[in-house]
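Colleague: Give me coordinates for this.
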Amino acid sequence: MKIITVLLYISLLSSIAFSQEQDESIDPNTLIDYQPNWPIVVNPLLDKENPKNNNEEARDTSEIIIEGYRVQVLVTRNSHSADSIRVVLSDKIDEDVYITYEVPYYKIRVGNCVDRKQAEELQLRLVELGYASAWIIRTRVKAPELIREY
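Modeller: Model prediction:
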């Protein structure tokens, strides 16, 4: 019986000692919750509407994303190899270099090409730089400035 009461006291004291006080100094009604500006997906060949956001008061954090092409240079499981190749490629070529992680591979991709012809020209430049296994993939890319102003 004494063991049970001692255990009850210990559990009571531990619950009091480890309980958390509720902090009510923040009023949730006073918090400002900004609505995010989601990326706008545009197909420049089909969509003729203005892709710009009509809400000028909100901070514009959106990015226009279109269907396009990138040239994939390498696939590796090692993140350090992917980072080092990205740095080397960024120095050699005047294009955006991306690392995409799809379990378990890191994929190094170059460019934001709107059409296939641009991607083929970029692929030829990369082959001349020594990346003989570079290939073109269709993916979503950042829109160039002329489409952003559309």
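Colleague: Backbone dihedrals for the nearest residue to Leu126 once chain neighbours are set aside, please?
Modeller: Among residues not flanking Leu126 along the chain, Ala134 sits closest, at 4.2 Å (Cβ to Cβ, 6 or more residues apart in numbering). Where C-beta positions appear, they are placed from N, C-alpha and C, glycine not excepted. Torsion angles at Ala134 (phi, psi; degrees, to the nearest 10) stand at phi -70, psi 140.
Colleague: I'd guessed Ala134 sits against Val75; true?
Modeller: No: using Cβ atoms under 8 Å, Ala134 is not in contact with Val75, being 11.4 Å away.
Colleague: Have a look at those two and say which one is more surrounded.
Modeller: Between Ala134 and Val75, Ala134 has the larger neighbour count (other Cβ atoms under 10 Å), namely 20 against 14.
Colleague: Count the neighbours of the residue lying closest to Asp83 once chain neighbours are set aside for me.
Modeller: Distance criterion Cβ to Cβ, 6+ apart; nearest residue to Asp83, sequence neighbours excluded, is Ile99 at 7.2 Å. With neighbours defined by other Cβ under 10 Å, the count for Ile99 comes to 15.
Colleague: thought Ile99 was touching Val110?
Modeller: No: the pair Ile99 / Val110 is not scored as a contact, 10.7 Å apart, by Cβ under 8 Å.
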